[in-house]
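Asks: Pasting a predicted model and its sequence here:
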Amino acid sequence: VAGTLSGWDAALRLSESVRPALPLARLLRDAIHHARAGSVVTAGHARLARDKASELAHVPGYAALFMPDGHPLREGDVFRNPMLARTLERLARDGLADFYDGAVLADVVADLAAVGSPLVEGDFTTHGARVVPALELAISGARLFNAPPPTQGLASLLILGIADRLAKGQGEDFTHIHALVEATKQAFAVRDADVGDPAFMQTPAQAILNDPAVIDGMAANIDMARAAPWPQRDHPGDTVWLGAIDSDGLAVSMIQSTYFEFGSGVVLPRTGIVWQNRGASFRLVDEGWNALRPGRQPFHTLNPAGARLKDGRVMVYGTMGGEGQPQTQAALFSRYVWHGMGLQDAVTAPRWLLGRTWGQDSISLKYEDRFAPDVITQLQAAGHAMERVAPFTSLMGHAGAVVRHASGVLEGATDPRSDGSVAAW
């Protein structure tokens, strides 16, 4: 079941409990306008539309929306979805809950049935987003926050917790990169052993973070001169991260995703909704990690991050990129907080990615072709299987960050690898 609208509804009610919130109609106004009037197709959108056209052209509803003239959308085209605009207007009028128990639900269920989906009305009426505590971890100079299972937020926190116990190097050197890569291997081993629907986990994620001996042990497993064996299984994904901080310091770190680039590719004709395919991450086995079962939540990679620094700064940050999300978070945070790099420089700086990622088969340590050659030579000598990629590539995710300084000054950074931006108003 698609949970985004339920999450929006829960977030809106939580916001209203803290301070007056904008009406839902105002919050959806710009989205309604862009769906009806259109938005310009970016280079990234055009590339994905071109790459996926042959795969998705036959999927119900896809070509009518994304190939209106018989060919994939091109950069500079105007993309419109007037049916989605009408659906958003209905939700603005009747409430977001109408998606789960109302007229919008009736349209969604009818369209899903027409394409053979097993989802029925009861799956939606029993769904509801839950407000749960964030995972927390205290490290040198900061308290970190991330999303709990079934996300991989635990892995993101463990990487920084492990690296905090190791030598941090002098910035963009071998020690810095090697430590974070090896910490990633340790954290992913924990993630892949048990993290998923919390109702099925053997050990609560926060209990792992609360036991310093566990993280000490993972750090002790790392050889600061040699790379440990790899690989583990991969967890691809396609995602958008959003961050915002208001004038009172209320900070939000948020991620949404259709999973694959265009989700399932199915466009529901009565609503204009592009249907997601997050359930594809389940394993079709009888039991064990992430096995498909009724009512079970699938493991997923979405993990919006936040941090409260001891000097008074508050930071929200995140990225798209599936398997790369925890790694990019670690690179961004360590550069900005531990090594004093400027926020935008920390986002722009060359990145690495261990293992497979979206559309890739290799399990190497990929690196953007902007690192100092001697650093790459040292990493190779330590046993890392290095693979050079383009200087700026979406393989490394689309990151962003917003920081509120103790003075109240706000600072934002966006990724030159993406179509993102920073805005203030």
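Replies: Cool, the structure landed. Everything quoted here is computed from the prediction, not taken from an experiment.
Asks: all strands for the stretch 201-350 of the chain, in order.
Replies: Here the stretch 201-350 of the chain has its strands, by DSSP state E, counting those that start in this stretch, at 238-245, 251-259, 267-268, 273-274, 305-309, 314-319.
Asks: Including distance to Ala49, could those go into CSV?
Replies: From N, CA and C alone the C-beta is placed, and that goes for glycine too. Putting the strands of the stretch 201-350 of the chain into CSV (distance: least, CB to CB, whole Å) gives the following:
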stretch, distance to Ala49
strand 238-245, 13
strand 251-259, 14
strand 267-268, 13
strand 273-274, 12
strand 305-309, 30
strand 314-319, 22
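Asks: In a markdown table, list those strands along with mean neighbour count and mean pLDDT.
Replies: Output for these, formatted as a markdown table (neighbours: other CB atoms under 10 Å; pLDDT from 0 to 100):
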| stretch | mean neighbour count | mean pLDDT |
| --- | --- | --- |
| strand 238-245 | 20 | 86 |
| strand 251-259 | 19 | 93 |
| strand 267-268 | 24 | 98 |
| strand 273-274 | 22 | 98 |
| strand 305-309 | 22 | 98 |
| strand 314-319 | 26 | 97 |
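Asks: Nearest to Asp111, out of these?
Replies: When the strands of the stretch 201-350 of the chain are compared by CB to CB, strand 267-268 sits nearest Asp111, at 3.9 Å.
Asks: and the residue nearest in space to the middle of the chain, what does it touch?
Replies: For the chain, the residue sitting closest to the mean C-alpha position, by CA atoms, centre = their mean, is Leu302 at 3.7 Å. By CB atoms under 8 Å, 6 or more residues apart in numbering, the contact set of Leu302 is Ala147, Thr151, Gly237, Thr239, Ile255, Gln256, Ser257, Gln325.
Asks: Please apply the same query to Val18.
Replies: Neighbours of Val18 in contact, by CB under 8 Å, 6+ apart: Leu250.
Asks: Let me see the backbone angles for it.
Replies: phi -100, psi -40 (degrees, to the nearest 10).
Asks: and this structure, what are its domains?
Replies: Here the domain parsing of the chain from automatic domain parsing is 4-130, 135-237+298-414.
Asks: just so I know, which of those domains lies nearest Asp248?
Replies: Between the domains of the chain, domain 4-130 lies closest to Asp248; by CB to CB that is 7.8 Å.
Asks: Could you work out the end-to-end span of that closest one for me?
Replies: 12 Å (CA to CA, to the nearest Å).
Asks: and the worst-scoring helix or strand of the chain on mean pLDDT, what does it pack onto?
Replies: Among the helices and strands of the chain, strand 238-245 carries the lowest confidence by mean pLDDT, DSSP states H and E, at a mean of 86. Helices and strands touching strand 238-245, as assessed by 3 or more CB pairs under 8 Å, 6 or more residues apart in numbering; DSSP states H and E, comprise strand 251-259, strand 314-319, strand 399-404.
Asks: Run the chain-centre distance for that strand.
Replies: 8 Å (CA atoms, centre = their mean, to the nearest Å).
Asks: quick one, that strand and strand 305-309 angle?
Replies: 30 degrees (axes from the mean of the first three to the mean of the last three CA atoms, to 10 degrees).
Asks: Strand partners (parallel or antiparallel) of strand 238-245?
Replies: As defined by DSSP bridges, the strand partners of strand 238-245 come to strand 251-259 (antiparallel).
Asks: from the chain's centre, how far out does the partner strand sit?
Replies: So, by CA atoms, centre = their mean, the centroid of strand 251-259 is 6 Å from its chain's centroid.
Asks: Over to stretch 22-40?
Replies: With CA atoms, centre = their mean, you get 23 Å for stretch 22-40.
Asks: same check, this time on stretch 386-396
Replies: 19 Å.
Asks: Give me the buried positions along it.
Replies: Val389, Phe392, Ser394, Leu395, Met396 (16 or more other CB atoms under 10 Å).
Asks: ok, of the residues you listed, which one's closest to Phe79?
Replies: Nearest member of these to Phe79, counting by CB to CB, is Ser394, at 19.2 Å.
Asks: What's the per-residue pLDDT of the closest one here?
Replies: As predicted, Ser394 sits at a pLDDT of 90.
Asks: before we move on, the earlier item: for Asp94, which of the strands of the stretch 201-350 of the chain is the nearest?
Replies: strand 273-274 (15.7 Å).
Asks: Give the buried residues for stretch 413-425.
Replies: Per 16+ other CB under 10 Å, stretch 413-425 contains these buried residues: Ala413, Thr414, Asp415, Arg417, Ser418, Gly420.
Asks: Could you report the neighbour count for the residue nearest to Asp94 when sequence neighbours are not counted?
Replies: Distances taken as CB to CB, 6 or more residues apart in numbering put Gly102 closest to Asp94, at 6.1 Å, once the chain neighbours are dropped. By the measure other CB atoms under 10 Å, the count of residues near Gly102 is 17.
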